[in-house]
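J.: from the sequence below, what's the structure:
(2 chains)
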Amino acid sequence: MMQMKRIASFCSVLALTTAIGFVPATAQETTWETFNGDLKAQKYSPADQITPENVGRLEKAWEVHTGDMSDGSGDVPMSVWSATPLFVNDTVYVGTPFYRVFAIEPDTGKVKWTYDSKAILKALTQPDMKNRGVSYWEASNPVDGQPCQKRIYIGTMDAKLHAVDADTGQPCADFGQDGVLDINTWNTTNNKWPLSILQPPTVYKDKLFIGWAGRDWTDSAAPSGTIFAVDAKTGKLEWTFESIPAEVRAKTGTANVWASMSIDPDRDILYIPVSSPSPNFYGGNRLDSIPMGTSVTALNTETGNVIWTRQLVHHDIWDYDTNSPPTLVDIEKDGQKIPALVQTSKQGFLYVLNRYTGEPIYPIEEKPVPASDVEGEVAAKTQPFVARPEPVVKKEWPGVFWLADALSLGYCSRKAKELRYDGQFTPPSLKGSLIYPPTTGGVEWGGGAVDPESQTFVVNHSHVVQIYQLIPRADYDKVTSGGSEAGGGYSPMSGSPYGFRLSNFLNPMGMPCWNPPYGELSAYDLKSGDLLWRKPLGAVQKWGFYMPDSWGSVTIGAPAITKGGVIFIGASMDSKVRAVDQKTGDVLWTAQVDAPAVSMPAIYTYKGKQYVVFAVGGNSILTPRVGDQVVAFSLPDSN
Amino acid sequence: MALGKRSTAGLIALGAAAGLALSIFAYISRSSGINGTAGALLVIASTAAILLAALALTCWPAMRGWLRGTLLFLLLLGILGTGLAAHFLASVWLQVAMAVCLIGWLLAIMGRKERPARHAYAAKGGAS
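T.: You can find the predicted model right below:
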């Protein structure tokens, strides 16, 4: 009886300490080894120490300022930092937008070592200095005393891939040339058009799968969207994959993979999100079939051979790049366990496919879409639509916001009437087309997260309306001759008969002309395809003033889910990070950080304590605010 | 027990000085969420203006009635406007500072209404 009382007493104390937010010392160690947490891009942590009941007590455990940021006022272009920190090898690793690597102690924030790639800090392919982090590899049979048995890889704006020892930060001399592999030497299409390795490679077994980013709004002729598979130890090229048929490559390019990828380790399948072909907003010079443009495609990891491919947008003239890694998860549906993937998209549809066959689990329907009225352009007659799960965007554009219209004395409604709008997939036009969702999405490159146990899929998304205008070449040259090209939202699309102007649909005060909300977080039950909840996420901030929560914020980044039932996310333009209840979508905790945390968080458990880490760097698409902060949060110690 | 002119204006000045310090800190602090913004600059300017006006009332108690009335009216606009700005800047402590200013302002108004009776009492030689 006495023993029973002791057990009951112990349980009460344990329950109490957990409930009030102190750390029980029994948590299992968990890691965050890849950009997406794991190879399946689930962004799921089995850590369960932080729960909806105690998350309110979360506090800052440590922070590091890397010093690598620029507001663009000096010689270095503005920095955009979207790196997911990794936690592996008992170390937090993060790459910076100046292409340095920081190795950090996971519990104290003390910097173990740094590596400087000494990369060129010029915006060669992108308007900003960008980085989405690092990758980690370790030998399956490590040799004691030998360096580089564990490695960190970081790419640069000029497509140099650096390999360094994960324990010391010293270059791995056996990789490429003295630890550096120049990916751009394989760019044989057009050497004046450089590649950038901003997304860290996907690592599987002893291979690195490398995609690239480029200047895809600038030219018609561009390198084809090659995936390079290289030996993780030597950098030797093992195979390549081309997304554009050989006979079309002289007319177009890109259809590259600039986002991260996912892998099914059971079947050795690499899943790649393929972007749109160049030039992005006019397809008259690429009317040939490009079946893998704007697709999700499955490749054999050993050979690079295509297992299946599914095009998500036909003849893409909206820059609807497939921009996020498909999330792999097994779904229990109708009494069966289905190997599935969920592909989010800029166009707002969630494609739930059988990941072994590419066939839809929820129906995809081809529907007629508007024709182009631009000479030379032939828009696709139909596009694939998904009704279930419910798209993250509305069927029609959100409509004119009365407040923005009133404050601009009717500008918004007058402008809306001048523009072409015939529903989703309205083609770009000479007078300007209202595009919803536009190239910003919908869903951006982070994609979604899934709880594989409840099969709940969570994704942040935006409601943005933009104006796409094609400009005949002669007029374009006149308009941009004053050097207003970049500032005015102009893109030359050289080699095509049209230049292009992209602008947000704002009133003269800079206020969105369309109805809020501007960004939301949604949760779906993948077993039924039902929308569980949808809530505005974050807040718009203008001149420092926060707009109402019901307006939400345009979002970039992604959520991470924990077994404890808490979703962690930055992504909003108000420079706050949040914890959200997985069951209800209610915000349970917020913390102010230096800039928008447009990276996805990393979650790990070390020495019995769960940490949530954000890289806080900002993104010029949201706001000019930049940061260099790596910040970790945890529950307070019990004593 | 009414507070004197100096005390009520001093309370406004105290709230404004606290608000000014908070606004300057928010403008320069990286983790304030509003550092370097036009909104933070605006409340620096408005709290500074409130502080100057309150100091004028404190240091110049014999100010002409119409001038004092105008200053008090402008102070109310400044306090309410700054409080509203603080709300949209999500600056709770600045709102608290403006609440202090508002209390000082209300006391100043109440004192202003009581003053004729007190003057009359003093004229009859009742003041000590």
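
J.: give me the below-cutoff pLDDT ranges for chain A.
T.: In the prediction, chain A carries residues with pLDDT under 70 at positions A:1-27, A:189-193, A:481-488, A:639.

J.: indicate the residue of it located nearest to chain B.
T.: Of the residues in chain A, the one nearest chain B is A:Gly544, at a distance of 2.9 Å by Cβ to the nearest Cβ. C-beta coordinates here come from the backbone N, C-alpha and C atoms, glycine included.

J.: who's in contact with that residue?
T.: Residues in contact with A:Gly544, defined by Cβ atoms under 8 Å, 6 or more residues apart in numbering or on different chains, are B:33-34, B:37-40, B:89.

J.: isn't B:Ile44 right next to B:Leu20, touching?
T.: Yes: using Cβ atoms under 8 Å, B:Ile44 is in contact with B:Leu20, at 6.6 Å.

J.: between the two, who's got more neighbours?
T.: Comparing B:Ile44 with B:Leu20 by other Cβ atoms under 10 Å in any protein chain shown, the one with more neighbours is B:Leu20, at 21 against 18.

J.: does B:Leu14 belong to a helix, a strand or coil?
T.: The three-state label for B:Leu14, taken from DSSP: H, G, I helix; E, B strand; the rest coil, comes out as helix.

J.: contacting residues for the closest residue to it other than its chain neighbours?
T.: If the residues on either side of it in the chain are set aside, B:Leu14 comes closest to B:Val100, at 6.6 Å by Cβ to Cβ, 6 or more residues apart in numbering or on different chains. Neighbouring residues of B:Val100 by Cβ under 8 Å, 6+ apart: B:11-12, B:14-15, B:18.

J.: strands of the stretch 101-250 of chain A, start to end?
T.: When assigned using DSSP state E, counting those that start in this stretch, the strands of the stretch 101-250 of chain A occupy the ranges A:111-116, A:129-131, A:135-138, A:150-155, A:160-165, A:180-182, A:202-204, A:207-210, A:226-231, A:237-242.

J.: redo the ones you listed as TSV? Include distance to chain B and mean neighbour count.
T.: What follows is the strands of the stretch 101-250 of chain A, written out as TSV (distance: least, Cβ to the nearest Cβ, whole Å; neighbours: other Cβ atoms under 10 Å in any protein chain shown):
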stretch	distance to chain B	mean neighbour count
strand A:111-116	19	16
strand A:129-131	19	28
strand A:135-138	30	21
strand A:150-155	26	26
strand A:160-165	30	24
strand A:180-182	34	21
strand A:202-204	34	23
strand A:207-210	35	24
strand A:226-231	39	22
strand A:237-242	43	17
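
J.: now these in a markdown table, with distance to A:Val577?
T.: Written out in a markdown table, the entries for these read as follows (distance: least, Cβ to Cβ, whole Å):
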| stretch | distance to A:Val577 |
| --- | --- |
| strand A:111-116 | 22 |
| strand A:129-131 | 19 |
| strand A:135-138 | 24 |
| strand A:150-155 | 24 |
| strand A:160-165 | 29 |
| strand A:180-182 | 34 |
| strand A:202-204 | 26 |
| strand A:207-210 | 30 |
| strand A:226-231 | 33 |
| strand A:237-242 | 36 |
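
J.: so what does A:Ser82 have for phi and psi?
T.: A:Ser82 adopts backbone torsions of phi -120, psi 30, taken as degrees, to the nearest 10.

J.: ignore what I typed, I meant A:Ala406.
T.: For A:Ala406, the backbone dihedrals are phi -70, psi -40 (criterion: degrees, to the nearest 10).

J.: the strands in the stretch 501-639 of chain A, which residues?
T.: For the stretch 501-639 of chain A, the strands identified by DSSP E, counting those that start in this stretch occupy A:519-525, A:530-536, A:541-542, A:545-546, A:560-562, A:566-569, A:576-581, A:587-592, A:602-606, A:609-616, A:629-634, in order along the chain.

J.: against which helices or strands is the second one packed?
T.: It stands for strand A:530-536. Based on contacts counted as 3 or more Cβ pairs under 8 Å, 6 or more residues apart in numbering or on different chains; DSSP states H and E, the elements that strand A:530-536 packs against are strand A:519-525.

J.: all set, thanks.
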